[in-house]
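Asks: Structure, please.
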Amino acid sequence: MHKADAVTLREQVLRRLRSGEKVATVAADSGVSDSTVYRWRRKSGRAATTPPAARRSPSIGSAAVPAPPTPVPPVEGYVGDITGPGLTDTWGVTGTDLGVSAVAPNGKLVSVFGDTFSGPTVGQGDWRAPVALIGSGDTNNQIRYENAGGADPNYAQQLWPYVHDAQPWNQGGISTVIPSDVLVFGQTMYLHAIVNRGFGNVIWTGIWASSDNGVTWQEMGAKATFHASLYNGYAQLWSWDYNPDDGWVYIVSTGFQRDKGIILRRVRPGDIDDMRKYSGWGWANNQWAWGNTPTPITPPAETWGELTLRRLETGTWILGGFLSSAYALGYRTIDSPTANLYEAEVQTPVVGTTWDAQNLANNQVAQLYGGYVLPGSQLDVPGGVGLVVSQWDTATGWPYRTMQFRVTLKDTTGPSNGPALAINQTKPRAKAPRAGAPRRRATRASS
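Replies: Residues are numbered from 1 along each chain as shown. From the prediction side, this is the model:
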């Protein structure tokens, strides 16, 4: 093949991979081997993360030609992969998901990932969860990692030791531990995580803390451990943020199984490690009040998966994540965590689709989930909200990755955002169809 033709073919292959097509499909259509496609993608990823060395111009002698400028991320849509071959495999993070992200006290971006494999597909290689990568990036800047959390900065080790057990559960009884969300308060980072015994079977959740900017994590103890059945299973999957206006940490939560709505609680930062100090927001005695058993704050037809609750610098909040009942990433902008969600518009900037209809540039993603809001997000700005989106082809095990998107969310807060009416909350909760949403975890031999 002529060199120019080879370059053209390589660029065509890389464009198709960036659009989300599978390696096997692209390789078969292009007439090149899978290994060649993987190699091209790895080299492309390294080129994107490492500035090219200055080149010597034959006509100028020793004068250096300036390196080309860093590509500007698109105003809206798919920014690029965050994890995968050529990007994070150097830390043993080849296939992974979730990627809840927060700015550490030292200003670095810390991302915590779920089930992570060093091999090219789910189930291959070294299995760890959770793991952390540390680097930089936000809504307006592409995420780049510099080192791993844990004991070895050059390899993403599991953040705390346990064995990925399987039946008959004689090695600790835990199949995996999945991160929920990261909260930063003062010089401490808090990670809520979900402990599973088999697929979809949550046994308890707990809180771990880091005082060294997300490198090492310590379990906070028995009083920061929450049974899976707490509030009928609505307190398994969390997101939380601190409100400096009133001094409370607000926690939204739902079930891990993507078949429930959302409840709301709050706690003082100094009491995060004491479950007895958490207060629920619920309807009782014809009024909403703190101190009641938490009542779902979302309409009955809505079911949710991964959640994200973030207070913006303007004081406005974003609440959303994976809206499983719509097979989309959905978000509300609200002026308070206790706002009336029945009257707050749900915006769905990223929607689920089939693999043959996937179009990442237009925010149509196959088997999507996650949808965590990134630091630096702004409302009413084109591409002003950054998202970390997960994708997993459960049929083949790849793609199994996290991606960065930029979307536009309108500020729809207003005087109508008051407490939800009781009549809405007393209706029976209808079981909503999941619209073909993918399973949260595929069954694994070791689960």
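
Asks: Helices along the chain, start to end?
Replies: Assigned by DSSP state H, the chain shows helices spanning 3-18, 23-30, 34-49, 422-425.

Asks: Would you single out the least confident of those?
Replies: Lowest mean pLDDT within the helices of the chain: helix 422-425, at a mean of 39.

Asks: So what pairs up with the spatially most central residue of the chain in the strands?
Replies: In the chain, the residue lying closest to the centroid (CA atoms, centre = their mean) is L98, at 3.6 Å. Note on L98: beta-bridge partners by DSSP bridges are F113.

Asks: Look up how far L133 lies from it.
Replies: 12 Å (CB to CB, to the nearest Å). All C-beta atoms are positioned from the backbone trio N, CA, C, and that covers glycine.

Asks: joint contacts of the two?
Replies: F113 (CB atoms under 8 Å, 6 or more residues apart in numbering).

Asks: Verify the stated contact: P349 with L329.
Replies: Yes - checked against CB atoms under 8 Å, the pair P349 and L329 is within contact range at 6.6 Å.

Asks: Of these two, which one has the most company?
Replies: Neighbour comparison, P349 and L329: the larger count goes to L329, with 29 against 20 (by other CB atoms under 10 Å).

Asks: OK, contacts around the more buried one?
Replies: 320-323, 348-351, 368, 370-371, 387, 389.

Asks: burial count for the closest residue to Y242 other than its chain neighbours?
Replies: Excluding its sequence neighbours, the residue lying closest to Y242 (CB to CB, 6 or more residues apart in numbering) is V249, at 5.1 Å. Residues lying near V249 (other CB under 10 Å) number 20.

Asks: distance of V249 from H192?
Replies: 11 Å.

Asks: now do G200
Replies: Distance from G200 to H192, by CB to CB: 18 Å.

Asks: Between these two, point out the one with more neighbours.
Replies: When neighbours are counted by other CB under 10 Å, G200 and H192 differ, and H192 comes out ahead with 24 against 15.

Asks: what pLDDT does that one get?
Replies: At H192, pLDDT is 98.

Asks: what separates it from S180, distance-wise?
Replies: For H192, the distance to S180 equals 4 Å [CB to CB].

Asks: Need the overlap of contacts for these two.
Replies: T205, W238.

Asks: just to revisit the earlier point, can you work out which residues contact both of V249 and H192?
Replies: With CB under 8 Å, 6+ apart as the test, V249 and H192 both reach L183, W240.

Asks: List the buried residues for stretch 335-347?
Replies: By 16 or more other CB atoms under 10 Å, the buried positions in stretch 335-347 come out as D335, S336, P337, T338, A339, N340, L341, E343, A344, V346, Q347.

Asks: Out of those residues, which is nearest to T36?
Replies: Q347 (41.3 Å; CB to CB).

Asks: Please verify my assumption that that closest one contacts I334.
Replies: No - counting by CB under 8 Å, Q347 stays clear of I334, with 11.8 Å between them.

Asks: shaky segments in the stretch 51-200 of the chain?
Replies: 51-73 (pLDDT under 70).

Asks: if you set the cut-off to 50 instead, what comes out?
Replies: Applying pLDDT under 50 to the stretch 51-200 of the chain flags residues 51-65.

Asks: Where do the strands of the stretch 51-200 of the chain begin and end?
Replies: 55-56, 64-65, 77-81, 98-103, 109-113, 116-117, 127-128, 131-138, 141-148, 176-185, 188-196 (DSSP state E, counting those that start in this stretch).

Asks: V13 is nearest to which of these?
Replies: Using CB to CB, the nearest of the strands of the stretch 51-200 of the chain to V13 is strand 77-81, at 15.2 Å.

Asks: got the angle for the closest one vs strand 131-138?
Replies: Taking axes from the mean of the first three to the mean of the last three CA atoms, to 10 degrees, one finds that strand 77-81 is oriented at 130 degrees with respect to strand 131-138.

Asks: quick one, what contacts the residue nearest to L133 when sequence neighbours are not counted?
Replies: Nearest in space to L133, with sequence neighbours left out and distances taken as CB to CB, 6+ apart, is Y145 at 4.2 Å. Y145 makes contact with T88, W91, S111, L133, I134, G135 under the criterion CB under 8 Å, 6+ apart.

Asks: Would you list the phi and psi of I174?
Replies: phi -120, psi 120 (degrees, to the nearest 10).

Asks: Against W281, how distant is W290?
Replies: 6 Å.

Asks: shared neighbours, those two?
Replies: R266.

Asks: which of the two has more neighbours?
Replies: Counted by other CB under 10 Å, W290 and W281 do not tie: W281 has more neighbours, with 23 against 14.

Asks: ok, the more buried one - contacts?
Replies: 263-266, 288-290, 292, 294-295, 297, 337-338.

Asks: how about a cut-off of 7 Å?
Replies: By CB atoms under 7 Å, 6 or more residues apart in numbering, the contact set of W281 is L264, R265, W288, W290, P294, T338.

Asks: Ok, F256 next?
Replies: I194, G200, V202, Q236, L237, R440.

Asks: and it, what pLDDT?
Replies: Reported pLDDT for F256: 97.

Asks: Against L237, how distant is it?
Replies: From F256 to L237 the distance is 5 Å (CB to CB).

Asks: shared neighbours, the two?
Replies: Joint contacts of F256 and L237 (CB under 7 Å, 6+ apart) are I194.

Asks: and I272, how far is that from D181?
Replies: I272 is 13 Å from D181, by CB to CB.

Asks: from memory G150 sits against I134, does it?
Replies: No - using CB atoms under 7 Å, G150 is not in contact with I134, being 10.0 Å away.

Asks: who touches the residue nearest to Y155 when sequence neighbours are not counted in this structure?
Replies: Among residues not flanking Y155 along the chain, G92 sits closest, at 5.1 Å (CB to CB, 6+ apart). Residues in contact with G92 (CB under 7 Å, 6+ apart) are S118, D126, Y155, A156.

Asks: I'd like these as TSV, with neighbour count appended.
Replies: Shown next, in TSV, are the contacts of G92 (neighbours: other CB atoms under 10 Å):
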residue	neighbour count
S118	18
D126	15
Y155	17
A156	28
